[in-house]
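Enquirer: Generate a structure from the sequence data that follows.
(chains A, B, C and D, ligands or ions: 6)
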Number of protein chains: 4
Amino acid sequence: MGLADIADLCFGGAEINDRPLAESIAALHARSRTLDHERLELIQPDVAAVETDILRLPDAGDLSLPALIDRLRAAIRVFREGHDLARVIVVNLISAGPEPEPSTQHETLAGLDALIASDRREFVTPSLCYAYAALREGCPYINFTPNPGTEFGAIAELATQTGLPFYGDDGKTGETLVKTALAPMFSARNLKVLSWEGVNLLGNADGRALDDPLNRQAKLRNKEQVLASILGYAPHAGVSINYVPSLGDWKTAWDLIHFQGFLDVPMTMQFTWQGCDSILAAPLVLDLVRLADFAQRRGEQGHMTQLACFFKHPLGVDEMALPRQLDMLQEYALHHVERG
Amino acid sequence: MGLADIADLCFGGAEINDRPLAESIAALHARSRTLDHERLELIQPDVAAVETDILRLPDAGDLSLPALIDRLRAAIRVFREGHDLARVIVVNLISAGPEPEPSTQHETLAGLDALIASDRREFVTPSLCYAYAALREGCPYINFTPNPGTEFGAIAELATQTGLPFYGDDGKTGETLVKTALAPMFSARNLKVLSWEGVNLLGNADGRALDDPLNRQAKLRNKEQVLASILGYAPHAGVSINYVPSLGDWKTAWDLIHFQGFLDVPMTMQFTWQGCDSILAAPLVLDLVRLADFAQRRGEQGHMTQLACFFKHPLGVDEMALPRQLDMLQEYALHHVERG
Amino acid sequence: MGLADIADLCFGGAEINDRPLAESIAALHARSRTLDHERLELIQPDVAAVETDILRLPDAGDLSLPALIDRLRAAIRVFREGHDLARVIVVNLISAGPEPEPSTQHETLAGLDALIASDRREFVTPSLCYAYAALREGCPYINFTPNPGTEFGAIAELATQTGLPFYGDDGKTGETLVKTALAPMFSARNLKVLSWEGVNLLGNADGRALDDPLNRQAKLRNKEQVLASILGYAPHAGVSINYVPSLGDWKTAWDLIHFQGFLDVPMTMQFTWQGCDSILAAPLVLDLVRLADFAQRRGEQGHMTQLACFFKHPLGVDEMALPRQLDMLQEYALHHVERG
Amino acid sequence: MGLADIADLCFGGAEINDRPLAESIAALHARSRTLDHERLELIQPDVAAVETDILRLPDAGDLSLPALIDRLRAAIRVFREGHDLARVIVVNLISAGPEPEPSTQHETLAGLDALIASDRREFVTPSLCYAYAALREGCPYINFTPNPGTEFGAIAELATQTGLPFYGDDGKTGETLVKTALAPMFSARNLKVLSWEGVNLLGNADGRALDDPLNRQAKLRNKEQVLASILGYAPHAGVSINYVPSLGDWKTAWDLIHFQGFLDVPMTMQFTWQGCDSILAAPLVLDLVRLADFAQRRGEQGHMTQLACFFKHPLGVDEMALPRQLDMLQEYALHHVERG
Ligand SMILES: NC(=O)c1ccc[n+]([C@@H]2O[C@H](COP(=O)([O-])OP(=O)(O)OC[C@H]3O[C@@H](n4cnc5c(N)ncnc54)[C@H](O)[C@@H]3O)[C@@H](O)[C@H]2O)c1
Ligand SMILES: NC(=O)c1ccc[n+]([C@@H]2O[C@H](COP(=O)([O-])OP(=O)(O)OC[C@H]3O[C@@H](n4cnc5c(N)ncnc54)[C@H](O)[C@@H]3O)[C@@H](O)[C@H]2O)c1
Ligand SMILES: NC(=O)c1ccc[n+]([C@@H]2O[C@H](COP(=O)([O-])OP(=O)(O)OC[C@H]3O[C@@H](n4cnc5c(N)ncnc54)[C@H](O)[C@@H]3O)[C@@H](O)[C@H]2O)c1
Ligand SMILES: NC(=O)c1ccc[n+]([C@@H]2O[C@H](COP(=O)([O-])OP(=O)(O)OC[C@H]3O[C@@H](n4cnc5c(N)ncnc54)[C@H](O)[C@@H]3O)[C@@H](O)[C@H]2O)c1
Ligand code: NA
Ligand code: NA
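Expert: Ligands and ions are numbered 1, 2, ... in the order given. Below is the predicted model:
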């Protein structure tokens, strides 16, 4: 297809936490035993390079909305020019946070502009600012977090105006990934799901953020809605997210599926998923960047629905079954391969 | 599509065990607590009716091959005429048994005829006799067992000669079903499967038969080959089948999947499947009968590859991924719906 | 030791639900497939007999405290006299409910008497009434529920005054049972438990009651406190109880134990418990009755600490390790066997 | 009690593999991600020191029995003298191997001496040579492997003659440890175990050795016999050991316990153990050395039954329940503490 080479990518970012990147990586290594020591040594020069391209922001709330957006836009320009980049893709990877208060002004660009201008932070979350700044600077935007915003009419309008592609929400890397791979099997075999209970234990900073009920609302909603869509009915389905510090980055999820077969005989299936969250997310982010870059090069705009398989809550797509979502990506790729 | 109504089906069979059907059902109920008492009472008249259509055979080996085949063919004719049936579908549901000794005579109908005529039972297993008798009597044939035979050239030749559809092998109802639903997810996410170990515990008569290494060879082969085909490489994969009498019909399977993500980080997933084997198999058999009946009505011949999703070892199909196999069935159905 | 024969026991009870006992049993059978049909038929006469000894009460709150206690005491007397019983043991098996509001009057019998007399229902829960009525009628009392009260000074004072034995709280039949069997192993091998997360799914009426956070406080406290006592330090320990109606009486618990071995290497163990709650509880209740009867015959008074192994929260006992608690029961039994 | 300080111990060994110790450790680290890099660096000087005290032996079978024993005895003397040690404890940690052929000569020291003198290697395994050499050199001997020999009359006679303590067999570090902690719970609650199936997956050199049915006989026997002894009856119990190279040192065991409660209701419990075998074994070996040293200082001889809790097959002890075995160790310790 002609996706960009990883070697041709250049990385930068924005952070409210002032811990140096190398330290964050070392801490992840020490707590979660993910990467081996040899690799850590190897990547040190790259990490140092990225560090120079990280915009250090004051904590959320310390800047007015217009000031924050200016800083973000300026940083994008500096990054683009400093490295003489053809395109910049913005991926939102910030912590899960509280949802913005509802407002009809979210539905038009004029409305959002007004909310920003009057610094109404209860309506305009940091994630919204990232989306806004990215699109205003001509960058495709991807929301890997559960934070809402990409669905607002204002964002769609801005993307149309700027002719840019964007997508989200909420990377699908673990329990929900498995759920959307397995649920179609129950459906195809006419095994009626009575209850599907999922428990997620994790101990990283994401887990700490999600430990606050305010922060986990959107994530839970994303996790819960997939089943009804695949099965065609809503089984009893609970999802819980528990913060278990000792697990570090090792997300451990247990799901119990109670289902009914022929002549109403009840049966069960259960699975335990022990995955390393960062390691599962990182390659998806790389591919999303390459696919968004590709879409921009092709002049594609609006929802990149071909990316549905990467998200728990794929914008503008009702299909939640993983196999069908993978078909969508493959069809997109084949289409472009054929067109050359 | 116009599949036959369950209510229009009529059931009969052949058995080497002389226990009355009602007793077998009662024993299954008592040991495995599958059906509830109310339902058992309800089906008693139907069970009694089927009983009169069961050919009671002496134990395998007591009849010469020609005599066995004559008995089977006669029973099919009696069944068809006695109930004035439009079509008879033969489904092989006998115990897993030892494989026939290899012979080039399996590859031609003339060869198979000669083996039968000279009563060479080491080359011609009971399952082969059922296939042969069915096709000779103009009946579509389905092999739900792991017993080999449907792949032999002789069977294909006989099906061509008689213009009949046939298919198999080995119903996909439990651990392998899940395996073929999950493996594509690992593949799609580029998560390299290092090892996939499966353990099957079961306590029914099938489990007792499979406890003999001679009887389980074909089943293990069917279970083991699915992964390499889906993944494109062969991970370390072990499958074991252990006879645990107390479990009765409750097949309990545990699978451990050891896989490697980005930067070679090893992770694991495991699942436990607790399903009732008969209850999982029965509706598949009903649908296979209806789909074979449909195929015969349409004049379709040879491998019914549209049924791949029902089998561990789908004849003439390389695709082992459940989602793709389900697509094949759906395409077949849509094709016929559109054609009317 | 000379425990009472099961055949010599006579059963009765009190209920606020007006569904006949036979119906409750039939519903349990239909929903949860526990008992087989044959056994249900067999026990029908016994069930009918017990039905005549069930005091049907108006819903909690409809009677004043003095009136409720009078009714309970009268019912005990009628039961004892009607069947000419040597002794009556009262076991509290009512639903988990909200905790009473704290009060210093709980600590003296005079205080409790005053709360009852002035009908202060916010301080005196139904469970307290059962304990009070039992002891006032000369009956040993056992609290199989998590409902607090047996710890109050007033109850101890009343038991002393009446010279009666009593015990509780909260039957240990599933996840906590396993926890207290396993935790000593970690301790003995110096494997440091980092986190022990437990998830309980259940679908019976107990599960429905515990779905209300007010009702599950005491149960969660009982479940959570066992670990620190056995390990000598408090690991991160979460317990959740989720109501999953389809599971009926089949409590399904999953526990993840994250522990650290030599040189701080982290490891995990997990278990899934699939037990039928009523079936696990019933034989304990029978043995508790027989052991309380025995204690009363021997003139033993106050806390029956020999029964610690039956409870999540054993009164007056710090030892939470199941093996040690079993030793306590065995020592008690041996002591009595030796004394004759 | 006055156990030796770890800091006062001095380590050496014998090996048939000629890979340097530092390399073996590095390989374990690379394959199994057990120790962190920092610790590995830290222990390098100690590892180098131990390396100089490793006797490098030709492969088993290349030396005659008398020659092997001479080499072992000489090495012990050199080690003792070179470091001016008060006592040397020999722990057998070699690979699981085939069992010796049975012989009545195993039962007397004269018999064993004769077998050695005539170089009858089919009767005298390497493990027997280690036991023999150790005791002849005045060293307490501990067999951490499943290799038989410590039970032979000849070894007991030699220990008596030399006045030395010894013990084994087969360290209890994983699945069997859990089994002996859990089984007493089922027994105490009168939950009848119908079947207990255990599956052990491991990928280290021990796993590779045990992959050979000849080598795993003794290990399987040790694993299987514990249940009947604890429960008082023999449930259906299967144990399998599968070599899964990718798991490295991470032993993953899954056990299914199918049990029957009150009124014969069948229930299940299952657990998965993910432990690092070396890390679980190492601290036991250290404590065994210290306890054997202590026993020798006290002049204790023969079976050190106080160490039963460390072994799958504790010599001369019928008690298999972990809690009782722990009591034995504690009683021994208390006895010595009290005696001063
Ligand atoms: N497998 C996965 O990792 C996965 C899957 C799906 C979704 N997500 C989502 O991705 C996001 C990142 O996950 P993570 O595990 O890397 O979390 P993390 O907590 O490790 O990283 C989030 C970072 O965002 C920074 N941050 C917070 N607010 C910010 C702001 N306003 N501006 C700039 N930086 C800000 C934090 O300081 C932190 O360093 C979360 O929202 C998470 O829910 C992750
Ligand atoms: N979920 C499932 O049940 C499932 C899934 C895949 C494959 N299968 C296969 O289906 C077959 C049936 O499974 P089951 O559980 O019903 O086994 P089963 O043992 O309960 O039934 C097999 C029956 O075949 C009879 N039989 C044996 N040889 C015969 C012969 N030569 N002629 C006539 N009858 C004969 C036996 O007496 C027995 O009654 C087995 O081969 C099994 O491996 C079953
Ligand atoms: N394995 C177990 O079943 C188990 C284990 C530990 C503790 N417990 C506790 O035992 C109790 C009973 O459990 P269950 O599963 O039988 O619950 P359940 O809901 O089936 O039965 C409780 C019964 O108590 C009745 N009730 C409620 N309030 C009452 C009152 N004031 N007076 C008289 N009757 C009243 C209800 O109508 C109901 O029929 C619960 O408190 C539960 O938490 C049960
Ligand atoms: N958790 C545990 O690790 C555990 C638990 C119980 C028992 N065991 C037993 O302990 C033993 C060691 O386990 P491991 O995992 O360290 O195995 P390993 O294969 O890593 O180590 C065994 C070593 O013994 C050496 N060896 C073999 N024969 C020898 C001989 N005749 N003389 C000298 N050296 C010889 C091998 O070269 C190898 O280096 C095995 O028998 C195992 O079954 C281990
Ligand atoms: Na994360
Ligand atoms: Na080992």
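
Enquirer: quick one: pLDDT of whatever residue of the stretch 201-340 of chain A ends up closest to ligand 6?
Expert: Distance from ligand 6 to each residue of the stretch 201-340 of chain A (CB to the ion) is smallest for residue A:274, at 21.7 Å. (C-beta placed from N, C-alpha, C; glycine too.) Note on residue A:274: pLDDT of 98.

Enquirer: residues contacting it?
Expert: Contact analysis of residue A:274 by CB atoms under 8 Å, 6 or more residues apart in numbering or on different chains lists A:250, A:251, A:252, B:267, B:268, B:269, C:268.

Enquirer: out of those residues, who's nearest ligand 5?
Expert: Proximity of the contacts of residue A:274 to ligand 5 (CB to the ion) peaks at residue A:251, which lies at 7.4 Å.

Enquirer: returning to what we had before: with distance to residue D:159 and secondary structure as new columns, can the contacts of residue A:274 be given to me in CSV?
Expert: Output for these, formatted as CSV (distance: CB to CB, whole Å; DSSP: H, G, I helix; E, B strand; the rest coil):
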residue, distance to residue D:159, secondary structure
A:250, 47, strand
A:251, 53, strand
A:252, 48, strand
B:267, 48, strand
B:268, 45, strand
B:269, 49, strand
C:268, 40, strand
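
Enquirer: Please report the distance of the residue of the stretch 201-340 of chain A closest to ligand 6 from residue C:255.
Expert: From residue A:274 over to residue C:255 the distance is 15 Å, taken as CB to CB, to the nearest Å.

Enquirer: In terms of pLDDT, where does the nearest residue to residue A:247 once chain neighbours are set aside sit?
Expert: Nearest residue to residue A:247 in three dimensions, chain neighbours excluded: residue A:203, at 3.7 Å (CB to CB, 6 or more residues apart in numbering or on different chains). Predicted confidence (pLDDT) at residue A:203: the value is 94.

Enquirer: Quick one: neighbours of residue A:203, just the number.
Expert: Number of residues near residue A:203 (other CB atoms under 10 Å in any protein chain shown) recorded here: 25.

Enquirer: Hmm, it is touching residue A:241, no?
Expert: No: with contact taken as CB atoms under 8 Å, residue A:203 and residue A:241 are classed as non-touching, separated by 11.5 Å.

Enquirer: returning to what we had before: which of the contacts of residue A:274 lies closest to residue B:283?
Expert: residue B:269 (27.8 Å; CB to CB).

Enquirer: Any idea what the nearest residue to the closest one once chain neighbours are set aside is bridged to?
Expert: Ranked by CB to CB, 6+ apart and with sequence neighbours excluded, the top spatial neighbour of residue B:269 is residue B:257, at 4.6 Å. With DSSP bridges as the criterion, the beta-bridge partners of residue B:257 are residue B:196, residue B:269.

Enquirer: how close does residue A:311 get to ligand 4?
Expert: Here the criterion is CB to the nearest ligand atom, to the nearest Å. By it, residue A:311 lies 43 Å from ligand 4.

Enquirer: Residue A:301 now?
Expert: Residue A:301 sits 60 Å away from ligand 4 when distances are taken as CB to the nearest ligand atom.

Enquirer: Report the contact partners of that residue.
Expert: Contacts for residue A:301 (CB under 8 Å, 6+ apart) come out as A:159, A:160, A:163, A:164, A:165.

Enquirer: one step back: mind listing what the residue nearest to residue A:247 touches?
Expert: Neighbouring residues of residue A:203 by CB under 8 Å, 6+ apart: A:31, A:243, A:244, A:245, A:246, A:247, A:248, A:249, A:250.

Enquirer: What is the most widely separated pair among those?
Expert: A:31 and A:243 (13.9 Å).

Enquirer: ok, the residue nearest to residue B:269 - how many residues close by?
Expert: By other CB under 10 Å, neighbour count at residue B:257 equals 25.

Enquirer: Mind pulling up the pLDDT for it?
Expert: In this model, residue B:257 is scored at 98, pLDDT.

Enquirer: ok, residues contacting the lengthiest helix in chain A?
Expert: Using DSSP state H to assign secondary structure, the helix with the most residues in chain A is helix A:277-297. Contacting residues not belonging to helix A:277-297 are listed as A:1-4, A:6, A:9, A:28, A:34, A:87, A:89, A:91, A:93, A:140, A:142, A:144, A:164-165, A:167, A:171, A:173-174, A:202, A:204, A:206, A:249-251, A:304, A:306-307, A:310, A:336, B:189-190, B:261-263, B:265, B:267 [CB under 8 Å, 6+ apart].

Enquirer: Just the buried ones among those, please.
Expert: A:4, A:28, A:34, A:89, A:91, A:93, A:140, A:142, A:144, A:164-165, A:167, A:171, A:173-174, A:202, A:204, A:206, A:249-251, A:304, A:306-307, A:310, A:336, B:189, B:261-262, B:265, B:267 (16 or more other CB atoms under 10 Å in any protein chain shown).

Enquirer: Let me know whether residue A:219 touches residue A:172 as I believe.
Expert: No: assessed by CB under 8 Å, residue A:219 is found out of contact with residue A:172, at 11.5 Å.

Enquirer: For the residue nearest to residue A:247, grab phi and psi.
Expert: Torsion angles at residue A:203 (phi, psi; degrees, to the nearest 10) stand at phi -130, psi 10.

Enquirer: For residue B:237, see how far away the residue nearest to residue B:269 is.
Expert: Using CB to CB, we find residue B:257 at a distance of 10 Å from residue B:237.

Enquirer: Then residue A:281?
Expert: Using CB to CB, we find residue A:281 at a distance of 28 Å from residue B:237.

Enquirer: For the residue nearest to the spatial centre of chain A, give me its contacts.
Expert: For chain A, the residue whose C-alpha lies nearest the mean C-alpha position (CA atoms, centre = their mean) is residue A:144; its distance is 1.3 Å. Taking CB under 8 Å, 6+ apart as the definition of contact, the neighbours of residue A:144 are A:91, A:92, A:93, A:168, A:170, A:171, A:281, A:284, A:285, A:288.

Enquirer: Which residues are in contact with the closest residue to it other than its chain neighbours?
Expert: If you skip the residues right next to it in sequence, residue A:144 has residue A:171 as its closest partner in space, 4.6 Å away by CB to CB, 6+ apart. Contacts for residue A:171 were tallied using CB under 8 Å, 6+ apart; they are A:144, A:145, A:281, A:284, A:285, A:310, A:311, A:312.

Enquirer: Look up which residues are beta-bridged to residue A:171.
Expert: Note on residue A:171: beta-bridge partners residue A:311, judged by DSSP bridges.

Enquirer: Could you export stretch A:159-174 as CSV, keeping only the C-alpha atoms?
Expert: C-alpha atoms of stretch A:159-174 as CSV (Å, rounded to 0.1, in the frame of the first residue of the first chain):
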residue,chain,number,x,y,z
ALA,A,159,-12.6,18.4,9.9
THR,A,160,-14.8,19.2,7.0
GLN,A,161,-13.6,22.8,6.8
THR,A,162,-10.0,21.7,7.0
GLY,A,163,-10.5,18.7,4.8
LEU,A,164,-8.9,16.4,7.3
PRO,A,165,-9.4,12.8,8.5
PHE,A,166,-9.8,11.9,12.1
TYR,A,167,-10.9,9.0,14.3
GLY,A,168,-11.4,7.3,17.7
ASP,A,169,-12.3,6.4,20.4
ASP,A,170,-10.5,4.3,23.0
GLY,A,171,-7.9,1.8,21.8
LYS,A,172,-9.1,-1.8,21.8
THR,A,173,-6.1,-3.8,23.2
GLY,A,174,-7.3,-6.3,25.7
